[in-house]
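Colleague: Could you work out the structure for the sequence below:
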Amino acid sequence: MFIFMDESGNFAKDNHERYFVIGSFTVGDQRRTSKAMRSWFREKYPRKMCKQSEIKWSSSGISDDLRLRTVKRIAQMDIRVRYGYLLRKNIPERYRRKGKLNSGILYTNIICEVLESYLPTDEKEIRIFCDRRSLKGMTKKQFESSITAHLLPLCSPDTRIEVEMIDSTINPNIQIADWICGAYIQYLEGRSGGDEFYKALKNSILGTREFFTSDL
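Modeller: Numbers count the residues shown, from 1 in each chain. Take a look at the predicted model:
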């Protein structure tokens, strides 16, 4: 099993977004989705844009119509999507120390709980890829080890788990995760076209979870 994950929004940055979203999907053949995403960008996007290292949901110069067609193409790739999200104002005080947010621990815990939703499974090898990001108070290696340690007790003894933070510019599947995040936060925030983006992905969504709804 291959699981790819990305996020949209910020925990503490003062901006217009109310939500923070983790988007993930699983697929049996990662090469197929990677090739399909590359082909779509190459065929449907301007040549100048295709020369960029990646085309993100938030990239400028993309119309809502092209975004919607891209989301619909992603939904045709037979991926299975799971989301986790939270209202930033609901982040519990236990994640703060001396008024500062411990974003590394918060991010890691949310990732763990989203991944739990894929379990139990009969798969004997689970490979998890997250977009590389800076984690306050935690190294990349510590993050990867923490996820593995959390999931192993939930799996059969012979299950192999690998967790890796990777650069999205070199992995089209992480770029797919970026797009499913962008589509969902557009829906949550009530922005233009959000309902259509959600409708396009709806049949691919296996589950969603909102964090910290009452634990304030």
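Colleague: in this protein, which spans are helices?
Modeller: 30-44, 47-50, 64-75, 103-116, 140-151, 172-188, 194-201 (DSSP state H).
Colleague: report the angle between the axes of the last one and helix 172-188?
Modeller: Yep, that's helix 194-201 we're talking about. 140 degrees (axes from the mean of the first three to the mean of the last three CA atoms, to 10 degrees).
Colleague: Could I get the buried residue list for helix 194-201?
Modeller: 194, 196-198, 200-201 (16 or more other CB atoms under 10 Å). No exception for glycine: its C-beta is placed from N, CA and C like everyone else's.
Colleague: Send me it as PDB with only the CA atoms.
Modeller: Extracted C-alpha coordinates of helix 194-201, given in PDB (Å, rounded to 0.1, in the frame of the first residue of the first chain):
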ATOM      1  CA  GLY A 194     -15.900  24.800  -3.500                       C
ATOM      2  CA  ASP A 195     -19.100  22.800  -3.800                       C
ATOM      3  CA  GLU A 196     -18.200  21.700  -7.300                       C
ATOM      4  CA  PHE A 197     -14.600  20.700  -6.300                       C
ATOM      5  CA  TYR A 198     -16.100  18.600  -3.400                       C
ATOM      6  CA  LYS A 199     -18.700  17.000  -5.700                       C
ATOM      7  CA  ALA A 200     -15.900  16.000  -8.200                       C
ATOM      8  CA  LEU A 201     -14.000  14.100  -5.400                       C
END
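Colleague: so what does it touch, helix or strand wise?
Modeller: helix 64-75, helix 172-188 (3 or more CB pairs under 8 Å, 6 or more residues apart in numbering; DSSP states H and E).
Colleague: Of all these, which one is nearest P120?
Modeller: helix 172-188 (22.8 Å; CB to CB).
Colleague: quick one, that closest one and helix 64-75 angle?
Modeller: Using the same axes, to 10 degrees: helix 172-188 against helix 64-75 is 120 degrees.
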